[in-house]
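Peer 1: I'd like to go over a predicted model; first the sequence, then the structure.
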Amino acid sequence: MKKSRVLTLFVLLFAMIFTLAACSDEPAAEPEAKPAAETEETAVEEVEQAAEATEVEEVAEATETTTEESSDKYQIPAAEDGKYNVAFVYVGPHDDGGWTQAHDVGRVYVEENVADVHTAYIELVAEGADAEQVIRSLARKGFDVIFTTSFGYMDASELVADEFPNIDIVHLTGFKANGENFGNLMGAMEDMKYLAGMLAGSRAMVDGNPKLGYMATFPIPEELRLGNAFALGAQETCPDCTVDVRWLNTWHDPILEQDAAKSLFDSGAQVVMTGADTPASAEAAPEGKWGITYDYSENCKVDACLTSMYWNWGPEYARIVEASRDGTWKGGWEYFDANTGAMGLYGFMDGETMQPGVADLPAEDIAMVEDTLAQMLAGEFDRFDVFTGPITDNQGNVIVAEGETLDQEDLDGFQQFGAPCEICMYWWNENITAELPSLD
Amino acid sequence: MDLVIILHAGLATGTILLFAAIGEIFTERAGILNLGVEGMMLIGAMAGFSSSLATGSPWLGLIMAMLAGGALSLAHGLVTIHFQADQVVSGLSLTFLGTGLALVLGEGLTGQNPALIPTFTIPGLASIPIIGGAFFAKQSALVYLGYLFVPAVWYYINKTRPGMHLRAVGEKPSAADTMGVNVYRLRYFYVFVGGCLAGLAGATISLSVSPGWYSAQTTSGQGWIAVGLVIFAQWNPIRAAVGGYLFGALRRGILDLQGPALIFGITNPLYINSNYGFFLQMTPYLLTILALVLGARMAMKKRLGAPAALGIPYIRGERGL
């Protein structure tokens, strides 16, 4: 008796909910516009009820969708006939507020600025075997250029490029290329990290607290190089400043990034800079302290954000797509500096205003940043100038003597991984209060 | 590295586990095992975040989060109480269902800034040396709520009449039934309560401790830790709270330990080689696996004090429990 009554109750409830849910099939879009609270409230309720609505088929449906997913996890977009088709493979969500979003802005730039192209993206693609499958499917569907935007896509990109000689594949942040249809692309973000270091040092001097923080992702040459560039910049404006380090061991973990930022701030850091994808460094900053964000020009939103070192992939992508269509693109090792316009320092580029935490810094520090930036944009100051001696590491060894500079191999290699480097990027600048474990 | 700071952060992040684990304690004490905590937390985090964004009230967000978690848990109730299906399978699929729903409905929420639960200092208590700074200074309202909630739950389960009914339903439902306690109704009720608290735990993340909506990374496996914590705590809310705070402090301690070169005058191994932190990072998950393995063994279950009828469907009029 009782059971059947409960059952009818549930059936009734679901029937009701289904009719309700049918009224609004896009509840997620609702928070974007936020006018009168009342209509929103009902919309939210419908979300709840929609949550309930799916319950009845719970077990059956849940298992069904998982089996479906494993066989066809990624929806491969279609190419358009008569257009030049460009595909992008993303490691994170397209709206992550950092690395991936910067690439997506670049994709939209290509769509809008190159004639007769069609662009498409596929997001949250796991590195490794999944990536190979996705890239191959894109190639089969008829895409002409494929940008693969994470380090872990490197081998998959190379493999597919060999199978499809008529398709150009551009891999980002790696080091492989085949001289034909598979190339590698990355930029010298150390230029911008150096300038950000100047701002952080200046801010620390003004606030009277000479401690800075760096949220580092992985102990690879790129992260050590960027951290050292930041520390070298800070040394220019704040000779007494020290930089504390927290290892994240991830590119993208919003919660961990917040914890790490709080850990640095609570340990006394006045300004925290991040090497990971989300703007947690600024968003977790307590009153009176500052953060520096990374990757995406629009992620320096809170007042506590001093600046963002960001990528501007659009023009680079457009150039490569044009060259690929003309048949002049050859896959090589492309590593650009700031003079390409493919990167920026938020608040200092055309049409941007300085963040409040930067505007009241001493005029001579601002002038130094602006002058150096102008030289960078003019091509007179590049990554080798950032790493010009004298540089001493925090073990007391002289890394570069006065007047000398590091080579590209030194900037980007570990001896242990076979790089032909002499000094190698495995040291911390003298003002960094952290140690590196022995690699041997 | 400052122990007061680590404890302060641990109390905040531990509150997430506290709510989720106590929710699961209610559910399991009523004899239903619900492994879908992760899914319910995620849907709660999403519902709380989007409701606060839409209405401007984080408190309404908390209520919606609880309703969302509770509504989802009723699905588990229907499957396991009404249809007497396997509770482990149903709970696992609830995780998938909750995660999937939360991701679909949460599309576009990343990067938004809704009103958050306020943080404040309790005057007077905050000036107690050491403890005051960690427990009563600059904590979220939810952390303070947690302090009051834990003893209240302990009292409710162990000292009140409805609490006795709850335990009876989980230990020997047939006896409870004979005494006029409505087993089905109570089990539905406590499954719902458990879901509500899991939803609250989710909103504690998205509206207070780590504000924001980051898809599945918002909860990043904390629901599973909460399930393990219940076994560790031997279904006791006070132990669950202490365990939650400890796990919270550990999560933060791993990061803070990377800072100083010396700890109490001794060389800090994490400063020399931060890779040692991986071992510490593993501990909550290792302990969770251990707890789940132990909890699965019948003999061990009895010794740990698990509710006798946990995981066994009650069919009125049939012999057995």
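Peer 2: That came in fine, so what should we check first?
Peer 1: count of neighbours near the closest residue to residue B:190 other than its chain neighbours?
Peer 2: Setting aside the residues directly before and after it, residue B:190 is nearest to residue B:30 in space (CB to CB, 6 or more residues apart in numbering or on different chains), at 3.8 Å. Backbone N, C-alpha and C define where each C-beta goes, glycine included. For residue B:30, the neighbour count with other CB atoms under 10 Å in any protein chain shown is 28.
Peer 1: so how far is residue B:180 from residue B:30?
Peer 2: Look at residue B:30 and residue B:180: by CB to CB, to the nearest Å, they are 17 Å apart.
Peer 1: could you do residue B:134 as well?
Peer 2: In terms of CB to CB, residue B:134 sits 47 Å off from residue B:180.
Peer 1: in terms of neighbours, single out the busier of these two.
Peer 2: Legend: neighbour count by other CB under 10 Å for residue B:134 and residue B:180, higher for residue B:134 (21 against 7).
Peer 1: my read is that that one contacts residue B:2, right?
Peer 2: No: at 9.9 Å, residue B:134 does not count as touching residue B:2 under the criterion of CB atoms under 8 Å.
Peer 1: who touches both of those two?
Peer 2: Taking CB atoms under 8 Å, 6 or more residues apart in numbering or on different chains as the criterion, residue B:134 and residue B:2 do not both touch any residue.
Peer 1: can you list the residues of the stretch 151-300 of chain B near chain A?
Peer 2: Proximity of the stretch 151-300 of chain B to chain A (CB under 8 Å from any CB of the partner chain) is limited to residues B:184, B:205, B:210-212, B:214-215, B:217-218, B:220, B:251-252, B:255-256, B:258-259, B:261, B:271-275, B:277-278.
Peer 1: so among these, which ones count as buried?
Peer 2: Among these, the ones that count as buried by 16 or more other CB atoms under 10 Å in any protein chain shown are B:184, B:205, B:210-212, B:214-215, B:217-218, B:220, B:251-252, B:255-256, B:258-259, B:271, B:274, B:277.
Peer 1: so what's residue 261 up against?
Peer 2: Just so you know, I chose chain A. The contact partners of residue A:261, taken as CB under 8 Å, 6+ apart, are A:213, A:215, A:272, A:274, A:280, A:281, A:283, A:284, A:285, A:291.
Peer 1: my question was about chain B, not that one.
Peer 2: Residue B:261 is in contact with A:433, A:435, B:267, B:268, B:271, counting by CB under 8 Å, 6+ apart.
Peer 1: filter these to the buried ones?
Peer 2: In terms of neighbour count (16+ other CB under 10 Å), the buried residues within the contacts of residue B:261 are A:433, A:435, B:268, B:271.
Peer 1: in the longest helix seen in chain B, what's buried?
Peer 2: Counting residues, the longest helix found in chain B (DSSP state H) is helix B:3-29. For helix B:3-29, burial by neighbour count (16+ other CB under 10 Å) applies to B:4-29.
Peer 1: over to stretch B:129-148?
Peer 2: Under 16+ other CB under 10 Å, the buried positions of stretch B:129-148 are B:132-137, B:139-140, B:142-147.
Peer 1: tell me how far the residue nearest to the spatial centre of chain A lies from residue A:309.
Peer 2: Taking CA atoms, centre = their mean, the centroid of chain A lies closest to residue A:99, which sits 1.9 Å from it. Residue A:99 sits 12 Å away from residue A:309, going by CB to CB.
Peer 1: give me phi/psi at residue A:215?
Peer 2: phi -90, psi 100 (degrees, to the nearest 10).
Peer 1: which ones are touching it?
Peer 2: A:246, A:248, A:257, A:260-261, A:264, A:272-276, A:280-281.
Peer 1: and residue B:170, that's in a helix?
Peer 2: Yes: counting by DSSP: H, G, I helix; E, B strand; the rest coil, residue B:170 is located in a helix.
Peer 1: the nearest residue to it once chain neighbours are set aside: which element?
Peer 2: Nearest in space to residue B:170, with sequence neighbours left out and distances taken as CB to CB, 6+ apart, is residue B:307 at 3.5 Å. Of the helices and strands defined by DSSP states H and E, none includes residue B:307.
Peer 1: tally up the residues packed near residue B:307, please.
Peer 2: By other CB under 10 Å, 23 other residues sit near residue B:307.
Peer 1: just checking, residue A:201 touches residue A:207?
Peer 2: No: judged on CB under 8 Å, residue A:201 makes no contact with residue A:207 at a distance of 11.0 Å.
Peer 1: in terms of neighbours, single out the busier of those two.
Peer 2: The neighbour comparison of residue A:201 against residue A:207 (other CB under 10 Å) goes to residue A:201, with 30 against 14.
Peer 1: now do the contacts for that one.
Peer 2: A:212, A:233, A:234, A:235, A:236, A:237, A:238, A:241.
Peer 1: show the model's pLDDT score for the fifth one.
Peer 2: Residue A:236 carries a pLDDT value of 95.
Peer 1: mind listing what's buried in stretch A:127-134?
Peer 2: When neighbours are counted by 16+ other CB under 10 Å, the buried residues of stretch A:127-134 are found to be A:127, A:131, A:132, A:133, A:134.
Peer 1: now, these that are in strands?
Peer 2: Using DSSP state E, no member of the buried residues of stretch A:127-134 falls in strands.
Peer 1: so which of those comes closest to chain B?
Peer 2: residue A:127 (16.3 Å; CB to the nearest CB).
Peer 1: from residue A:237, how far off is that closest one?
Peer 2: For residue A:127, the distance to residue A:237 (CB to CB) stands at 38 Å.
Peer 1: now residue A:187
Peer 2: Relative to residue A:237, residue A:187 is positioned 24 Å away (CB to CB).
Peer 1: now the closest residue to residue A:354 other than its chain neighbours: phi and psi?
Peer 2: Nearest non-adjacent residue to residue A:354, counting by CB to CB, 6+ apart: residue A:347, 4.2 Å away. Main-chain dihedrals, residue A:347, degrees, to the nearest 10: phi 100, psi -10.
Peer 1: residue A:347 and residue A:357 touch, don't they?
Peer 2: No: with contact defined as CB under 8 Å, residue A:347 and residue A:357 do not form a contacting pair (9.6 Å).
Peer 1: neighbour-wise, which of the two wins?
Peer 2: Comparing residue A:347 with residue A:357 by neighbour count (other CB under 10 Å), the higher total belongs to residue A:357, at 24 against 20.
Peer 1: which residues does that one contact?
Peer 2: Residues counted as contacts of residue A:357 (CB under 8 Å, 6+ apart) are A:203, A:290, A:303, A:304, A:305, A:306.
Peer 1: 6 Å - rerun?
Peer 2: Shown in contact with residue A:357 (CB atoms under 6 Å, 6 or more residues apart in numbering or on different chains): A:290, A:306.
Peer 1: and residue A:360, how many neighbours?
Peer 2: Neighbours of residue A:360 (other CB under 10 Å): 10.
Peer 1: confidence score at residue A:413?
Peer 2: As predicted, residue A:413 sits at a pLDDT of 79.
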